[in-house]
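**Student:** got a sequence here, can you build the structure:
(one chain, ligands or ions: 2)
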Amino acid sequence: MIKLPLTVLFALFLLINSFHVESWANPSGDPKNSSGIPPKSATDYIHSVIEAGRTIYSEVIVERLGVTIDLKATENWKEENTLPLPAQFLLLSSTTSNAKDIGMDYRLMSLWPISEKNGPKTKFEKIGLEEILKSPDKPFTKVVTIQGKPFFKAIYPDLAVTKACINCHNHHPKSPKKDFKMGDVMGGISILLPLNSQGANTKEEDYRIPAEVVADYIHSILESDRQVYSKHVVNRLQEKNIVYASENWWEDNALLLPAQFLLNASDLIINKNIDLDFKLISSWPINKHNGPANEFERKGLKNVVRHPVRPFIEYREIGGRKYFQAVYPDFAVSPACVSCHNDHPNSPKKDFKLNDVMGGIVMTLPLQ
Ligand code: HEC
Ligand code: HEC
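**Tutor:** Ligands and ions are numbered 1, 2, ... in the order given. Take a look at the predicted model:
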């Protein structure tokens, strides 16, 4: 699962190229400014990050622990002291992210929902779900107007990729559909993004979303996944003495540390070659591999320690392509962050305090 060499290669690539980097643009109000990202590319990135979190959770947590220590994922996970289902993990994470009110809204839905709340809420959502049934190879996208303001809405098909998907849904007493087959579209992931008002434009091509805003959306998903994973998986199951998170999760048949969850999702994204990249770094890394890889990352980490309110950002050109990069502060949000890092034999810093900036999430987004 961990494919270190690729990550190393990418880090090296950035390092080598950072010697002839030039800052070339500042974000401006102009929506067609080249520092903006077309809405469809933005939702493609967002969708990949949502999928990466779900895949790591399904494969590395649910499937592995189901086999190795017989820890199952069940619908009533709270009462049964089990793992939440992957759909529930995604739903918890989307609820967490949507509650932050940063503009983006996403959720999992279906024309045949087990849980009524996951049904289409508008006529448009129903049409979108019907469209992806007809063309499951691409998302359904459209510029829509909500209360006089333009939004970009995309619905990505959610496919029955394993037998477990169809077995569980077909046999579930609350499922209105009992004949799902492998490869079927079972539902969709809907993503809604606000657009800048600019008259009566209805074409996708007329809009750009500032890279900084897209980075904030992606950061929100990463944070929400990690929050849900820490709270509803790691902390809950540790308190009940059911399973522990361990750095050597593979050998120990244990849960991944929250940092490792994010790092694994990052490896998955890098291997998809969509040119989007994120990772967790620190000036005081336990794992040397997570140290700053270039001048931008070093500067970014120093900056977010001093000004932890907004991310440190830069527009740059690497190998002829334009990129937006941001370093977001990563805070010691719980005493466990502090004690584990301070006590870890490989940690170069032993005096972290609660709410300190312990490191940062670096994100790289390609621009057109
Ligand atoms: C062990 C049972 C189980 C498995 C396996 C499972 N699901 Fe679900 N799924 C559920 C339940 C229960 C819900 C409702 C969760 C809620 O909202 O509380 C759900 C929700 C969903 C939804 C949202 C609409 C709805 O039905 O409420 C979609 C779409 C979905 N699942 C697709 C999938 C896909 C695709 C897979 C395989 C990758 C899968 N499910 C695997 C039980 C399962
Ligand atoms: C039980 C121990 C443990 C806990 C709890 C823990 N970490 Fe870590 N953390 C680690 C280990 C081990 C690594 C190195 C993971 C790797 O790369 O394999 C790491 C990596 C990191 C990194 C990347 C830099 C580095 O040190 O390698 C950051 C940043 C980080 N953790 C922040 C946090 C924050 C914030 C929390 C709390 C929300 C937290 N950690 C909780 C053990 C822990």
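
**Student:** got the phi and psi for Met109?
**Tutor:** phi -150, psi 170 (degrees, to the nearest 10).

**Student:** start the count at 7, not 1, going forward
**Tutor:** Understood, numbering begins at 7; the last thing we discussed is Met115.

**Student:** so it is in contact with Ser196, correct?
**Tutor:** Yes. Met115 is within contact range of Ser196, at 5.9 Å (criterion: Cβ atoms under 8 Å). In this view, the C-beta of every residue, glycine as well, is placed from N, C-alpha and C.

**Student:** and stretch 70-86, does that touch ligand 1?
**Tutor:** Yes. For stretch 70-86 and ligand 1, the contact criterion (Cβ under 6 Å from any ligand atom) is met by Glu81.

**Student:** can I get that stretch in CSV? Just the C-alpha atoms.
**Tutor:** This file holds the C-alpha atoms of stretch 70-86, laid out as CSV (Å, rounded to 0.1, in the frame of the first residue of the first chain):
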residue,chain,number,x,y,z
ARG,A,70,-7.7,-5.8,6.5
LEU,A,71,-9.1,-5.8,10.1
GLY,A,72,-12.1,-7.9,9.1
VAL,A,73,-9.7,-10.6,8.1
THR,A,74,-6.9,-10.3,10.6
ILE,A,75,-8.7,-9.6,13.9
ASP,A,76,-12.3,-10.3,12.9
LEU,A,77,-13.3,-6.6,13.5
LYS,A,78,-16.3,-6.0,11.3
ALA,A,79,-17.9,-2.9,9.9
THR,A,80,-21.6,-2.8,10.7
GLU,A,81,-24.5,-0.4,10.4
ASN,A,82,-25.0,-0.1,14.1
TRP,A,83,-21.3,0.4,14.8
LYS,A,84,-21.8,2.5,17.9
GLU,A,85,-23.9,-0.1,19.8
GLU,A,86,-21.9,-3.0,18.5
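
**Student:** just the pLDDT for Met188.
**Tutor:** Here the pLDDT value assigned to Met188 is 94.

**Student:** might you report the residue contacts of it?
**Tutor:** Ala166, Lys169, Ile172 (Cβ atoms under 8 Å, 6 or more residues apart in numbering).

**Student:** please enumerate the strands of the stretch 207-356 of the chain.
**Tutor:** Under the criterion DSSP state E, counting those that start in this stretch, the stretch 207-356 of the chain carries strands at the ranges 215-216, 283-287, 318-324, 327-337.

**Student:** how about CSV for those, with mean neighbour count, mean pLDDT and distance to ligand 2 added?
**Tutor:** Formatted as CSV, these follow (neighbours: other Cβ atoms under 10 Å; pLDDT from 0 to 100; distance: least, Cβ to the nearest ligand atom, whole Å):
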stretch, mean neighbour count, mean pLDDT, distance to ligand 2
strand 215-216, 22, 94, 26
strand 283-287, 22, 94, 4
strand 318-324, 19, 91, 15
strand 327-337, 21, 94, 5
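
**Student:** any chance of the ones you listed in a markdown table, with distance to Glu245 too?
**Tutor:** Formatted as a markdown table, these follow (distance: least, Cβ to Cβ, whole Å):
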| stretch | distance to Glu245 |
| --- | --- |
| strand 215-216 | 41 |
| strand 283-287 | 25 |
| strand 318-324 | 36 |
| strand 327-337 | 22 |
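
**Student:** out of the ones you listed, nearest to ligand 1?
**Tutor:** Closest of those to ligand 1 is strand 283-287, at 23.6 Å (criterion: Cβ to the nearest ligand atom).

**Student:** no further queries at this time; thank you.
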